[in-house]
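Asks: Here is a sequence together with a model predicted from it:
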Amino acid sequence: MTSICFYFQVHQPYRLRQFTFFDIGYRDNVFDDIKNRNVLNKVAEKCYLPANQIFYNLIKKYNGAFKISYSLSGVTLEQFENWRPDVLDSFKKLVDTGCVELLSETYYHSLSYLYSKEEFKKQIQQHKEKIKQLFGIEPVVFRNTELIYNNEIASYISQLGYKAIIAEGVEKLLGYKSPNYIHHPPENSNFPILLKNYKLSDDIAFRFSDRHWKEFPLNAETYAHWIHSIAGSGDVVNLFMDYETFGEHQWAKTGIFNFLEKLPEYIFKHSDFDFKTPSEVIQTYPIKGDYNVSDISSWADIERDLSAWRSNALQHEALRRIYELEDAVYNKSCTKLLDIWKKLTTSDHFYYMCTKYWADGDVHKYFSPYENPLQAFNYFNNVCAHLDYKLNKVNQIKWIPTQRTRSKKPLLQKV
Amino acid sequence: MDNLKNKSVLVIGWEYPPRMVGGLAIATHGLVKALSKFMHVKLIIPYKDKETPIDDNITVYGLNTIEEDLNTPEFNNLMHNRVYFKSSEVTSVYPFTTEYLDNNLSRNDINLDNNLSRNDINLKSISYLNLFKSDEVYGWDLWEKMNAFKTVIATVSLYLTFDIIHCHDWITFSAGRAVKQITNKPLALHIHALETDRISADTQNEIYNIELKTMQFADIIFPVSGYTKKCIIKNYGISEEKLIPIHNAIEDDLIKRWRHNIPQKIVTFLGRITSQKGPGFLLETIQKVVSVYKNVRFVIAGSGDLLEKLMMQGAYEKLSKYTIFTGFIKRDEVNALLATSDVYFMPSVSEPFGLTALEAARAGVACVITKQSGAAEVLLSALKADFWDTNKFSRQIVELLQDNKKRLRVVEKQREELTKVSWNASAEKIISEYYKLLN
């Protein structure tokens, strides 16, 4: 038997407004509500609602044999609650079928693991609570922001009690190994890793509408045939991608929705194939072999590393600045400030500052709400200055004892 | 000077409000406005917009609107009284014309017999005029634009009455030269910046050659400062008698100071981020200042080819906490920024004038500026250092930030010095030189 495991990432950041020198110290609403709401509405109409409907129909049609999983970032859920409760309802409806698993991640879709384990843990917890509050379930499989992964993250996550973790199947790290089996980190042979089959995933996510691709136009029959050819040489085909692939990155007119609707039918033509959610996969199949990632990998860009968020000085500096404020923000214990700060940890802010591929008008440019990476940095830096201002505003700093174990040194200076 | 009342000057400019890239637009506007009190000004610029200022006694022609501009009663009147172009006069300049004007403008284009109709020039120039439909003041097709500008203006100049030609900066020089060759009117050049300022003192590129050739050909040259005059003598070998420095001035607007919410002191840099403006020295100075004085934020306003490098380097040095980059900002924002700044910092490598320093002084900001500037001749009490001396710059900035009394003393003295310059005084000086040329 071979299973197909779908996982879709649903994420929308809180984009910053064009926050200038004249806003520092004057404007507490640092996010571009109008833009964020417009984007959410657009993506809801083009992707979330139609795709959810298709998946719901498929689940009903195949009587529970068709299964998928999602990871919904906390900031996205918040936006749904505020602006598009109908979209949230359609996700709830999907989850209620019992054929949809929800995964765990950081609430803010952040890079916090790399900068503050404590914050990382808090954001995972916060996300867990949100999922429980909205859907009444507790996720058991973890995926880190943009599949950022290494051995250390795996052991950290296993210590937090998760049953499995999701990672990119990086070709050069896999070597002769296949992503179509469950692996384990070198140090921990009981902890399953699900590796993305990047080739088959990217065929849908990136190449589907590429007119220069020799397989264009891809139909469900051909694709099912490729998957069937794995029979006997794999337990699971992990197809992980951004949910926005459907209808947003690949527009409806490319035929992506038809492709989705037809795919299960062709997959089921081979009786040895079915669909499973990540937790079902790890219950069904054994762990076969280790997967060693000592450096950090991710699913971004062709490098599959951190360079999308951390390759130039601006990105490093912005990340340094925001995590430098962590202690001060927590010590201030002002929920409003903490909320802003946490939303600033969202990885997208640093993605917009990436100068890699900028000139080619590549994906970075497509996703950026700003004119260029320099502006993205400036607005972010100005918002940091605003936070700085707010933190220093009151002369007398109230010290609220926290349970923090790290650095006791106050970052705040008395003015 | 009253007998210039009936005369007029053809001013050829490039940057003009509202299209402002640097100080050139403001200076050109300030000058023509002051000149228009003495004589009629016909101003030709590449772009005339709805927002282009309309002033008494100034007629503005934009290449993007020239077809409509020329369709005025004044122009139609000219069409019927072609006494200004006597064939004998024109024939004598023909050999020069064909040599200096580019090939696109042939003998047929400058058709000087009396049968010439308005449609002729419109048709000949129409393909050139398309270049001026874009929004960019300079842009990638700058050379093409410059040549089209020259050809169109040379042609149009045959239809306008004027007594003297006055050009602003190299990009208009080819046009000025062509007009002088065709009409035999005296040519005055205004030098706001030299290629040797923008690149380096030993530059000898194509722009340098245009500047050199036109300065040699011109009847009089007005550099914006004594500093620029020296540069022209040194780098271009132009004789001193032709050079009359004319300082820029600023409008006497009252700028109300305000206090920005951020508690730190504000040091402002304002200008294009290009090598001429010394961004490297700016960064070095910031580093030295914040190593001893942390209660400060440097606001860096402007854009340019070195902006990315400057920002990257600043981030690399972990200085972002102390810097706020605004990118290019509009006039009202410039004024608001200056009105809340404590110190204005201009570390330019070579600054022919540096109008922004005067604007800063007017807004009550103490200036720390490069010795290699024209503004240093006006703002005698501003603190100065050689552009490379970042130690001295940083000491001066820290001193002004720490010693409020000293800062206010500098601000007051700068204000007094500002009262000594005015566009009117500059225009009077220019007019008296015109007078000499015309008599």
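Replies: Now that the structure is in, tell me what you want to look at. Residues are numbered from 1 along each chain as shown, chains lettered A, B, ... in the order given.
Asks: residue of chain B with the smallest distance to chain A?
Replies: Closest residue of chain B to chain A, CB to the nearest CB: B:N261 (3.0 Å). To be clear about C-beta, it is placed using only N, CA and C from the backbone, and glycine gets the same treatment.
Asks: list the contacts for the spatially closest residue to that residue that is not a sequence neighbour?
Replies: Closest residue in space to B:N261, ignoring its immediate chain neighbours: A:G25 at 3.0 Å, by CB to CB, 6 or more residues apart in numbering or on different chains. Contacts for A:G25 were tallied using CB atoms under 8 Å, 6 or more residues apart in numbering or on different chains; they are A:H386, A:Y389, B:H260, B:N261, B:I262.
Asks: I'd like these laid out as a markdown table, including neighbour count and pLDDT.
Replies: Shown next, in a markdown table, are the contacts of A:G25 (neighbours: other CB atoms under 10 Å in any protein chain shown; pLDDT from 0 to 100):
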| residue | neighbour count | pLDDT |
| --- | --- | --- |
| A:H386 | 22 | 95 |
| A:Y389 | 16 | 93 |
| B:H260 | 19 | 94 |
| B:N261 | 13 | 93 |
| B:I262 | 20 | 93 |
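Asks: residues in contact with B:W143?
Replies: No contacts exist for B:W143 under CB under 8 Å, 6+ apart.
Asks: In a helix, it, correct?
Replies: Yes. Counting by DSSP: H, G, I helix; E, B strand; the rest coil, B:W143 is part of a helix.
Asks: Let me know the distance separating the nearest residue to B:G226 once chain neighbours are set aside from B:Y227.
Replies: In this structure, B:G226 finds its nearest non-sequential neighbour in B:P245, 5.0 Å apart by CB to CB, 6+ apart. B:P245 is 9 Å from B:Y227, where distance means CB to CB, to the nearest Å.
Asks: and the two? which has more neighbours close in?
Replies: The neighbour comparison of B:P245 against B:Y227 (other CB atoms under 10 Å in any protein chain shown) goes to B:Y227, with 24 against 21.
Asks: B:V378 is in contact with the more buried one, correct?
Replies: No. Using CB atoms under 8 Å, B:Y227 makes no contact with B:V378, being 10.8 Å away.
Asks: mind checking the SS state of B:I44?
Replies: Secondary structure of B:I44, per three-state DSSP, is strand.
Asks: ok now do it, which residues does it touch?
Replies: Contact analysis of B:I44 by CB under 8 Å, 6+ apart lists B:L10, B:V11, B:I12, B:G13, B:Y61, B:G62, B:L63, B:I153, B:V156, B:A175.
Asks: Next, the closest residue to it other than its chain neighbours: secondary structure please.
Replies: Distance criterion CB to CB, 6+ apart; nearest residue to B:I44, sequence neighbours excluded, is B:Y61 at 4.7 Å. At B:Y61 the chain is in strand, as set by three-state DSSP.
Asks: Neighbours of residue 233, how many?
Replies: Picked chain A for this. 10.
Asks: was after chain B, sorry
Replies: For B:I233, the count of nearby residues is 15 (other CB under 10 Å).
Asks: element containing it?
Replies: Take DSSP states H and E as the rule and B:I233 turns out to sit in helix B:226-236.
Asks: and what of B:A361?
Replies: Here B:A361 is assigned to helix B:355-362, by DSSP H and E.
Asks: That helix packs against which elements?
Replies: Packing partners of helix B:355-362 (3 or more CB pairs under 8 Å, 6 or more residues apart in numbering or on different chains; DSSP states H and E): strand B:265-270, helix B:331-339, strand B:343-346, strand B:366-370, helix B:375-378, helix B:404-418.
Asks: what does the fourth one contact?
Replies: The set of residues that contact strand B:366-370 without belonging to it, under CB under 8 Å, 6+ apart, is B:278, B:342-349, B:351, B:354, B:357, B:360-361, B:375-376, B:379, B:382-387, B:393, B:396-397, B:400, B:407, B:410-411, B:414.
Asks: Same check on the third one?
Replies: With CB under 8 Å, 6+ apart as the contact definition, strand B:343-346 has outside contacts at B:265-271, B:277, B:282, B:285, B:298, B:338, B:354, B:356-357, B:360-361, B:365-370, B:373, B:375, B:393, B:397, B:400-401, B:407.
Asks: Can I get the buried part of those residues as one ChimeraX selection?
Replies: Selection command for ChimeraX covering only the buried members of these, criterion 16 or more other CB atoms under 10 Å in any protein chain shown:
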select /B:265,266,267,268,269,270,271,277,282,285,298,338,354,356,357,360,361,365,366,367,368,369,370,373,375,393,397,400,401,407
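Asks: how about the strands of the chain, start to end?
Replies: You didn't say which chain, so I picked chain A. Using DSSP state E, the strands of chain A run over residues A:2-10, A:68-72, A:100-102, A:141-143, A:164-168, A:182-184, A:193-196, A:236-242, A:246-247, A:250-251, A:273-275, A:287-290.
Asks: looking at chain B here, not the other one
Replies: B:8-12, B:40-45, B:58-62, B:164-168, B:187-191, B:220-223, B:265-270, B:296-301, B:323-327, B:343-346, B:366-370, B:383-385.
Asks: Save those strands as CSV, and put in mean pLDDT too.
Replies: Output for the strands of chain B, formatted as CSV (pLDDT from 0 to 100):
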stretch, mean pLDDT
strand B:8-12, 96
strand B:40-45, 95
strand B:58-62, 91
strand B:164-168, 97
strand B:187-191, 97
strand B:220-223, 97
strand B:265-270, 98
strand B:296-301, 97
strand B:323-327, 96
strand B:343-346, 98
strand B:366-370, 98
strand B:383-385, 97
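Asks: which one of these lies closest to B:M312?
Replies: Nearest of the strands of chain B to B:M312, taken as CB to CB: strand B:323-327 at 11.5 Å.
Asks: So which other helices or strands are in contact with that closest one?
Replies: helix A:373-393, strand B:296-301, helix B:307-316.
Asks: repeat that with 7 Å
Replies: helix A:373-393, strand B:296-301 (3 or more CB pairs under 7 Å, 6 or more residues apart in numbering or on different chains; DSSP states H and E).
Asks: quick one: contacts for A:I131?
Replies: The neighbours of A:I131, taking CB atoms under 7 Å, 6 or more residues apart in numbering or on different chains as the test, are A:L102, A:I137, A:P139.
Asks: Can you give me the domain assignment for chain A?
Replies: A:2-290, A:313-414 (automatic domain parsing).
Asks: does chain B sit close to the shortest one?
Replies: Yes. Taking CB under 7 Å from any CB of the partner chain as the criterion, domain A:313-414 and chain B are in contact, through A:313-314, A:316-317, A:321, A:374-375, A:377-378, A:381-382, A:385, A:389, A:392.
Asks: Buried subset of those, written for PyMOL?
Replies: Those of the residues of domain A:313-414 next to chain B that count as buried under 16+ other CB under 10 Å are selected in PyMOL with:
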select buried, chain A and resi 313+314+316+317+321+374+375+377+378+381+382+385+389+392
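Asks: for the residues of domain A:313-414 next to chain B, which one is nearest B:L194?
Replies: A:L374 (29.5 Å).
Asks: That closest one against B:K309, yeah?
Replies: No. Using CB atoms under 7 Å, A:L374 is not in contact with B:K309, being 10.6 Å away.
Asks: quick one on the thing from earlier: for B:Y434, find the nearest of the strands of chain B.
Replies: Comparing the strands of chain B by CB to CB, strand B:164-168 comes nearest, at 5.6 Å.
Asks: Give me the angle between that closest one and strand B:40-45.
Replies: 40 degrees (axes from the mean of the first three to the mean of the last three CA atoms, to 10 degrees).
Asks: Could you list the contact residues of chain A toward chain B?
Replies: A:20-22, A:24-26, A:312-314, A:316-317, A:321, A:374-375, A:377-378, A:381-382, A:385, A:389, A:392, A:415.
Asks: For the closest residue to B:F393 other than its chain neighbours, which residues are in contact?
Replies: The shortest distance from B:F393 to any non-neighbouring residue, by CB to CB, 6+ apart, is to B:T285 (4.6 Å). Shown in contact with B:T285 (CB under 7 Å, 6+ apart): B:P347, B:T390, B:F393, B:S394, B:I397.
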